[in-house]
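Enquirer: Turn this into a structure:
(one chain, ligands or ions: 2)
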Amino acid sequence: MIKESIQDLPGGLALQTPSGAHIDSTLHAMPLQTHYYLPLVNYQRDVLQPNVSVGDKVMGGELIASGVIAPTSGTITQLTHHTWPHPSLTKVKTLTLAADGQDDFLTLPNITLCDDSAEEKLQRIERCSVHGLGGAGFNTAKKIQRVMEHNAPTLIVNAVECEPGINCDDALIQNHSVAVIEACDALCKWLNVSNALLAIEDDKTTAIEKLTQALLAQQSTMQLAPLSAIYPSGAESTLVQRLTGIQLTQGQPAAKFGVLCINVATVLAIHQAWKGLFSAQRILSVTTQDLKHSVNLQVRFGTPIDSTVQFAASVNPFIAKSLNENRASVSVGGPLSGFTQTNDSTPVMATSNALLVGAMPIKKPQSACIRCTDCATVCPVNLLPQELYSAVSAQDTDTAQRYALDNCILCGCCDLVCPANIPLTSWFQHGKDELKHQRAAEQNAVMAKARSEKHNTREQQRALDKAKADAQRRKVAAQRSQSAIDIKAALERVKNKRPSS
Ligand code: SF4
Ligand code: SF4
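Expert: Ligands and ions are numbered 1, 2, ... in the order given. Reported below is the predicted structural model:
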């Protein structure tokens, strides 16, 4: 039941939870809010077109844009630009839903594992808007579809939350271990999985105990893979490498190699979708900046962050105290992966796994790189962050690509150890955005060239066809005129042969 051989993580950081930290694993359900903010953007930052207009009444579960469902029933009251929980702190088109307090949801029939087709199961996952709840927010149906091209794939259920302060998956397992294993087994059966692993940090003792009991009770074939709590063990590329030996480079998806790596809460959301439940909420940890106190809330997507934090403060006095500190702010994500949110009504989305509340540590002044290579020592994907930094800050994208900027998982380990306090990860995020734009521009240029070549070929063909048609017309005209001459000559001959009267 326990996987024995697990590769070590190259680099990474052992981030300790402070001694005496108290994590409340009870799931506190947030009451219904008056307003929900629903950004029209997906995990790839594609802008989505709304299916509804201002004034429309909607039911919970109604598809208001591709992949976006209403988290409750009510009326669409606004379409405005609003902040969304993203490090870019940009604004995107957002629908405001005023809840009617009835919380009426559309109903969907059950999907059965044996009777319904693979297509119907995928469609249901898509319809219920199941997205990756581990932090990346991938479209789950698409991710599964890719792995279905492989026979007997490997399943890695990811419950590794290697940053202190994030414990939503731990809380989920502690409260719903049997449902989690049922969901994992159902996924294994459907996809004919040959090797199923559930990865979790070895210090999550209560969750491991509950999982072990559930595995035994259900005679599941899943193996537990306990990992040492080193950050960033939960990142897909490092997890896949450690558990399967497959090295993912240049942003390759694990599915390409027949590995479905999927967050534990997402697996449960898939199973619930087959039972007709929409994926309209998630568990989210709210933690004090000193990481000593944490609560776990069930929050609907679209709930404003300030309401979420206020509710957390109402169930935990230490969070309330942190909220009232001088310079108190709220960050979305863990202490390494998080970013400070500037707008209180920024909504919770599928990617929001934690909120940190309290006074932000004062930023230390930045100095020049002293080439100590500490950043390279901790990099979990064996990059040379100091070289990458030189390339990205000089806007030299070719060199940045040579130093494998694509492989950077933006984990922030290099930032944490840099004695010069260089915000390396921000630079790498910027470099990746630049590369994305450059590649999009190059692709557009290639497509424009192909379009122009097609146009030229079509024009040349048209000119050739026209010349051919003209020649044909001239030939027909010449033949006609020759025929007229021949007829005239023949008539002349007939006339000349007639005896004169
Ligand atoms: S850790 Fe900082 S100072 Fe040291 S090599 Fe890396 S970037 Fe330079
Ligand atoms: S942010 Fe990128 S370069 Fe820095 S340690 Fe993480 S993976 Fe390596």
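
Enquirer: and Ala400, how many neighbours does it have?
Expert: 26 (other C-beta atoms under 10 Å). All C-beta atoms are positioned from the backbone trio N, CA, C, and that covers glycine.

Enquirer: Does it touch Ser390 like I think?
Expert: No: with contacts counted by C-beta atoms under 8 Å, Ala400 stays clear of Ser390, the gap being 9.1 Å.

Enquirer: all strands for the stretch 1-150 of the chain, in order.
Expert: Secondary structure of the stretch 1-150 of the chain (DSSP state E, counting those that start in this stretch): strands at 22-29, 35-39, 57-58, 63-65, 68-69, 74-83, 91-99.

Enquirer: For the second one, name the packing helices and strands.
Expert: Counting by 3 or more C-beta pairs under 8 Å, 6 or more residues apart in numbering; DSSP states H and E, the packing neighbours recorded for strand 35-39 are strand 74-83, strand 91-99.

Enquirer: Mean neighbour count for those - can I get that in a markdown table?
Expert: Output for the helices and strands packed on strand 35-39, formatted as a markdown table (neighbours: other C-beta atoms under 10 Å):
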| stretch | mean neighbour count |
| --- | --- |
| strand 74-83 | 17 |
| strand 91-99 | 20 |
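
Enquirer: Ligand 1: which of these is closest?
Expert: strand 74-83 (30.8 Å; C-beta to the nearest ligand atom).

Enquirer: Mind checking the helices and strands packed on strand 35-39 for the one nearest to ligand 2?
Expert: Nearest to ligand 2 among the helices and strands packed on strand 35-39 is strand 74-83; the distance by C-beta to the nearest ligand atom comes to 24.3 Å.

Enquirer: Any buried residues in stretch 415-434, and which?
Expert: Of the residues in stretch 415-434, 415-418, 420, 422-425, 427-429, 431-432 count as buried by neighbour count, 16 or more other C-beta atoms under 10 Å.

Enquirer: quick one: the helices in the stretch 1-150 of the chain?
Expert: 118-127, 140-147 (DSSP state H, counting those that start in this stretch).

Enquirer: Using CSV, list the CA coordinates for stretch 98-112.
Expert: Extracted in CSV, the C-alpha atoms of stretch 98-112 (Å, rounded to 0.1, in the frame of the first residue of the first chain):
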residue,chain,number,x,y,z
ALA,A,98,-26.6,39.5,-7.1
ALA,A,99,-27.8,36.4,-5.2
ASP,A,100,-31.6,36.0,-4.8
GLY,A,101,-31.1,34.0,-1.5
GLN,A,102,-33.0,31.0,-2.9
ASP,A,103,-29.8,29.1,-3.9
ASP,A,104,-31.7,27.2,-6.6
PHE,A,105,-29.5,25.0,-8.8
LEU,A,106,-30.1,23.2,-12.1
THR,A,107,-30.5,19.5,-11.7
LEU,A,108,-28.5,16.9,-13.7
PRO,A,109,-29.0,13.1,-13.8
ASN,A,110,-26.4,10.7,-12.4
ILE,A,111,-23.7,9.5,-14.7
THR,A,112,-22.9,5.8,-14.1
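
Enquirer: how close does the closest residue to Thr112 other than its chain neighbours get to Asp169?
Expert: Using C-beta to C-beta, 6 or more residues apart in numbering and skipping residues adjacent in sequence, the residue nearest Thr112 is Trp274, 7.9 Å away. Distance of Trp274 to Asp169, computed by C-beta to C-beta, to the nearest Å: 21 Å.

Enquirer: If you count surrounding residues, which of the two has more?
Expert: Taking other C-beta under 10 Å, Trp274 and Asp169 do not tie; Asp169 has more neighbours (28 against 21).

Enquirer: So which bits of the stretch 251-400 of the chain are right by ligand 2?
Expert: Residues of the stretch 251-400 of the chain lying near ligand 2 by C-beta under 6 Å from any ligand atom: Val378, Cys379, Val381, Leu383, Pro385.

Enquirer: Please tell me which one of those residues counts the most neighbours.
Expert: Counting by other C-beta under 10 Å, top hit in those: Pro385 with 28 neighbours.

Enquirer: Quick check: that residue vs Ala235, distance?
Expert: Distance from Pro385 to Ala235, by C-beta to C-beta: 16 Å.

Enquirer: next one: Lys488
Expert: 93 Å.

Enquirer: So the two - more neighbours on which side?
Expert: Neighbours were tallied for Lys488 and for Ala235 using other C-beta under 10 Å; the higher tally belongs to Ala235 (25 against 10).

Enquirer: so that one touches Pro380, yeah?
Expert: Yes: counting by C-beta under 8 Å, Ala235 does reach Pro380; the two are 7.1 Å apart.

Enquirer: Would you check that Val47 makes contact with Lys93?
Expert: Yes: in this structure Val47 lies within contact range of Lys93 using C-beta under 8 Å: 6.6 Å.

Enquirer: Endpoints of stretch 94-103, how far apart?
Expert: End-to-end span of stretch 94-103 (C-alpha to C-alpha, to the nearest Å): 21 Å.

Enquirer: Appreciated, that's everything.
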